[in-house]
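Student: For reference, the sequence and a predicted model appear below.
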Amino acid sequence: NEPLAQVGETYGPTGGTRIRHQELVNLQCEIRTVAQQHGFPTQPTRVEAAQWDQRTAVILYERMGVTPHEASQPGIWQYLCCCAVPDVVRWRFPGKDDKGTNADRFMGGRRNALGRLWWRAFVLKDPHVPGEECLNLLRSLGDDELVQLMERPAVFGNRRLVQAAAKAFLAEAEIGGVPRQTLMREMQRRLIRRLPLVFLAGVDDQTLMLAMQDIATASKNAIRSQGVTTTISND
């Protein structure tokens with residue numbers, strides 16, 4: 001819990017508003033506080049890790065005020081993970097078999113411990129919903145479900161597609177009847193197979209939503225035909 005030293009802070013030569021050091025310190029403190037509320041420094045359970053992810057994603061998105069272009073620059077996330085909260089990154093991703101934390105969790109890229117969370121909030125923010133409720137999609141999805149949506153390049157690149165898929169999934173999951181994780185995985189398989197055949201990026205919102213609902217329904221029917229059912233809607 002050492003205070004953030006002014007080491008390694010560099011800024012772009014043109015454009016933008018430079019963040020003040022105190023703002024970085026405040027962000028560091030918020031991330032650490034949430035980690036402590038979810039078990040830090042003790043190794044987190046899957047539930048604690050998922051809850052930290054969800055809350056930290058909201059903090060990063062609301063506090064940082066960066067554009068998607070800025071967020072795509074690896075230096076931002078490298079600095080935060082390597083200089084601001086390396087202890088939290090190590091806690092969240094301790095690694096397996098004594099191999100330690102994977103370097104990808106500190107470096108820039110889709111697997112960066114903090115960058116991936118900011119992108120979750122950005123992609124799932126519903127522009128049609130006012131106030132804090134605009135991030136309800138993010139709050140309603142489990143960690144495995146978010147991974148399925150955000151780590152599929154063909155899906156992740158289309159913000160409207162991700163949101164429509166998430167809404168269709170949640171609507172079908174609320175009805176219940178099949179495990180949530182199985183439903184999401186089956187939906188993603190069907191969606192990826194359909195993308196080369198149908199230009200979903202070019203359809204209007206209503207048509208896109210209907211297409212996702214069709215995939216969700218077909219996925220549930222396929223799972224049931226295989227005899228996989230449950231009486232718990234949030235399995």
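Tutor: Structure received. Residues are numbered from 1 along each chain as shown.
Student: who does the helix or strand bottoming out on mean pLDDT in the chain touch, helix- and strand-wise?
Tutor: Scoring the helices and strands of the chain by mean pLDDT, DSSP states H and E places helix 153-156 at the bottom, with a mean of 79. Packed against helix 153-156 by the contact rule (3 or more C-beta pairs under 8 Å, 6 or more residues apart in numbering; DSSP states H and E) you find helix 143-150, helix 159-175, helix 180-194. Just so you know, the C-beta spots here come from the backbone N, C-alpha and C atoms, and that holds for glycine as well.
Student: Please identify the buried residues of it?
Tutor: For helix 153-156, the neighbour count (16 or more other C-beta atoms under 10 Å) marks 155-156 as buried.
Student: hmm, back to that, do you know which of the helices and strands packed on helix 153-156 lies nearest Gly202?
Tutor: Proximity to Gly202 (C-beta to C-beta) singles out helix 159-175 among those, at 10.6 Å.
Student: Tell me which residues of that closest one come out buried.
Tutor: Under the neighbour-count criterion of 16+ other C-beta under 10 Å, helix 159-175 has 160-170, 172-173 buried.
Student: What of stretch 120-133?
Tutor: Neighbour-count burial for stretch 120-133 [16+ other C-beta under 10 Å]: 120-125.
Student: With stretch 130-149 instead?
Tutor: Across stretch 130-149, burial judged by 16+ other C-beta under 10 Å covers 135, 137-138, 140-142, 145-146, 148-149.
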